[in-house]
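Q: Sequence and predicted structure below; questions after.
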Amino acid sequence: MIDFQRLARWMDDTGLPGKGAPIEHRFLSGGTQNEIYEIVRGDERCVIRIPPPEAPADRDEGILREWRIIEALDGTDVPHTEAVAVCPDASVLGRPFYLMGFVEGWSPMGRTTWPAPFDTDLRARAGLGHQLAEGIALLSKVDWRARGLHDLGRPDGFHDRQVDRWTRFLNRIKGRELPGFDEAAAWLRARRPLDYIPGIMHGDYQFANVMYRDGAPARLAALVDWEMGTVGDPKLDLAWMIQSWPDDTDAPEASEAGYVDLRGMPSRDRLLAHYAEVSGRQVDDIDYYIVLARWKLAVVLEQGYQRAGDDETLQAFGPIVLDLMKGAAELAETSGYRS
C-alpha cells in the first residue's frame, strides 16, 4: 500500500498544485508489474503509476522508460496521458513512480459488451476500429530524435535481431514442440520489409491498451500502458493489432475473433488503408509483419503457459499459442511476399 502522506509531502516539495490538501485516492488497477491509483487533491486530479514492492528490480528502469515516452508525447497530436511529474528516487515510496493526467473515458479491457451506443450501432462501432489504427499511425509520425528518445531503443538492425532473439528466448523456456515455429522462422530470416523507417513503438498495441472518450462518434482518448515501449519498427504495432482481425467483420464469427466483438468494425484492408493514409507509410509488405507478430506473440504467450501451474488464465494460453504459430507458418507458406 502506498504511503499517501509521504506522497503528499513529495508533491508539496515538488511544487505541484494542491499544496497542503489531503490526498483522496482510489485503486484503479494493478498486478505484478504496476499499481495504478487515482489521486485527488482539491481541484487537482491525476494518476500514480508505481511498481508494487514484489515487482522485479528491472521494473524500476521500466517505469522511468514509460515516463520518458509519455513526456515525449506532450505537444504531439498522439492521444496520450499528460506527463505531470516523475520521482526516480525509490526512497520516497519504495519504488520509482510517476504521475500522469487522469483521462476521462472508458477502456475496452474487461468488458463483455461495448458501451452505448457502440453496443447496438454498428456504424458508430466502425469508428472505434478506425481510431485504433489512427492512434499508432499518429505515433509513427513523431520525431523520436527531436523528442529526446535517441537512446530509448536499438533501432539499427531491428529486423536482423528478431528471429535470433526470440529463438533464444524460446529455447530458455521450452517445454514442448511448437509446430510451425521453424518454418515461420526460416521464412522471416529470408525476408526483410520493403522499407524500414524507425519510430516509436507501443509494443503491445490492441484494444486493451487504449482509452476512448465517452459517447459517439468514437474518439481515442489515450494510448496507455507503455511497458513495452521502445524505438523500433512502428509497423509491427500495426501487425500486432490486426494479426487476428477477421477478413469479414460482418460475419457472425467476428463476435468471437478475440476478447471484443469485432462485428461492424472496418475490414482489415480498410484499416490498412487508413493507417497508410494517416502515417504516410506503405503497407504492401504487411504479410511480413503479420508473420512476425504471430510468431513473436506465440513465443511470448508460451512463457506464460510454461509457468501456468494451476493458473487457469495462463493455462488457456496453451491452445492459443499453437493456433498463433500455425497461423504464422500458414501465412508464410501462402504469402506471395518475397522482399
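A: Great, that's in hand.
Q: tell me the domain ranges of this protein?
A: Structural domains annotated on the chain: 4-101, 122-334, as defined by automatic domain parsing.
Q: Can you show me the strands along the stretch 201-339 of the chain?
A: 210-212, 220-223, 230-232 (DSSP state E, counting those that start in this stretch).
Q: could you redo the ones you listed as a markdown table and give each row mean neighbour count?
A: The C-beta positions use only the backbone N, C-alpha and C, and glycine is treated the same way. Listed next are those as a markdown table, based on neighbours: other CB atoms under 10 Å:
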| stretch | mean neighbour count |
| --- | --- |
| strand 210-212 | 23 |
| strand 220-223 | 23 |
| strand 230-232 | 21 |
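Q: Those strands: which one's closest to residue 337?
A: In terms of CB to CB, the element of the strands of the stretch 201-339 of the chain nearest to residue 337 is strand 230-232, at 19.9 Å.
Q: Contacts for the closest one next, please.
A: The contact list for strand 230-232 (CB atoms under 8 Å, 6 or more residues apart in numbering) reads 65, 144, 149, 152-155, 158, 198-201, 203.
Q: In PyMOL, how would I select just the buried ones from the residues you listed?
A: The buried subset of the contacts of strand 230-232, as determined by 16 or more other CB atoms under 10 Å, is captured in PyMOL by this line:
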select buried, resi 65+144+149+152+153+155+158+198+199+200+201+203
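Q: from the contacts of strand 230-232, which ones fall inside helices?
A: 65, 158 (DSSP state H).
Q: contacting residues around residue 335?
A: Residue 335 is in contact with 287, 291, counting by CB under 8 Å, 6+ apart.
Q: ok, now how distant is it from residue 294?
A: Between residue 335 and residue 294 the distance is 12 Å, computed by CB to CB, to the nearest Å.
Q: and what of residue 240?
A: Note on residue 240: its distance to residue 294, by CB to CB, is 9 Å.
Q: How about residue 250?
A: Applying CB to CB, the value for residue 250 to residue 294 is 24 Å.
Q: same check, this time on residue 144
A: From residue 144 across to residue 294, the span is 26 Å (CB to CB).
Q: Among the strands of the stretch 201-339 of the chain, which comes closest to residue 302?
A: Nearest to residue 302, of all these, is strand 230-232, at 21.2 Å by CB to CB.
Q: quick one: strands adjacent to the closest one?
A: In the sheet containing strand 230-232, its partner strands are strand 199-201 (antiparallel), by DSSP bridges.
Q: Check the offset of the partner strand from the chain's centre.
A: From the chain centre to the centre of strand 199-201 is a distance of 12 Å (CA atoms, centre = their mean, to the nearest Å).
Q: Show me what the mean pLDDT comes to for it.
A: Mean per-residue pLDDT for strand 199-201: 98.
Q: and if you look at stretch 319-337?
A: Looking at stretch 319-337 alone, the average pLDDT works out to 97.
Q: Same question for stretch 208-216.
A: 96.
Q: try stretch 291-304
A: 97.
Q: Name the residues that touch that stretch?
A: Counting by CB under 8 Å, 6+ apart, the neighbours of stretch 291-304 from elsewhere in the structure are 162, 166, 169-170, 173, 178, 181, 184-185, 187-188, 236, 239-240, 243, 314, 317, 320-322, 324-325, 327-328, 331-332, 335.
Q: Off-centre distance for that stretch?
A: The offset between the C-alpha centroid of stretch 291-304 and the centroid of the whole chain comes to 14 Å, using CA atoms, centre = their mean.
Q: Please point out which parts of that stretch sit buried.
A: Taking 16+ other CB under 10 Å as the basis for neighbour counts, the residues of stretch 291-304 that come out buried are 291-304.
Q: Repeat that for stretch 87-107.
A: The neighbour-count criterion (16+ other CB under 10 Å) identifies 87, 92-93, 95-103, 105-107 as the buried residues of stretch 87-107.
Q: possible to save the buried residues of stretch 291-304 as TSV with distance to residue 268?
A: Rendered in TSV, the data for the buried residues of stretch 291-304 read as follows (distance: CB to CB, whole Å):
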residue	distance to residue 268
291	15
292	16
293	13
294	14
295	18
296	19
297	17
298	20
299	23
300	22
301	22
302	25
303	28
304	27
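Q: follow-up on the earlier one: for residue 111, which of the domains of the chain is the nearest?
A: Residue 111 lies closest to domain 122-334 among the domains of the chain, at 7.5 Å (CB to CB).
Q: could you pull out the helices for the stretch 101-250 of the chain?
A: Listed in chain order, the helices of the stretch 101-250 of the chain (DSSP state H, counting those that start in this stretch) span residues 122-140, 158-173, 181-189, 234-242.
Q: got the ones you listed as JSON lines, with mean pLDDT and distance to residue 216 columns?
A: Converted to JSON lines, the helices of the stretch 101-250 of the chain look like this (pLDDT from 0 to 100; distance: least, CB to CB, whole Å):
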{"stretch": "helix 122-140", "mean pLDDT": "97", "distance to residue 216": "5"}
{"stretch": "helix 158-173", "mean pLDDT": "96", "distance to residue 216": "38"}
{"stretch": "helix 181-189", "mean pLDDT": "98", "distance to residue 216": "40"}
{"stretch": "helix 234-242", "mean pLDDT": "98", "distance to residue 216": "22"}
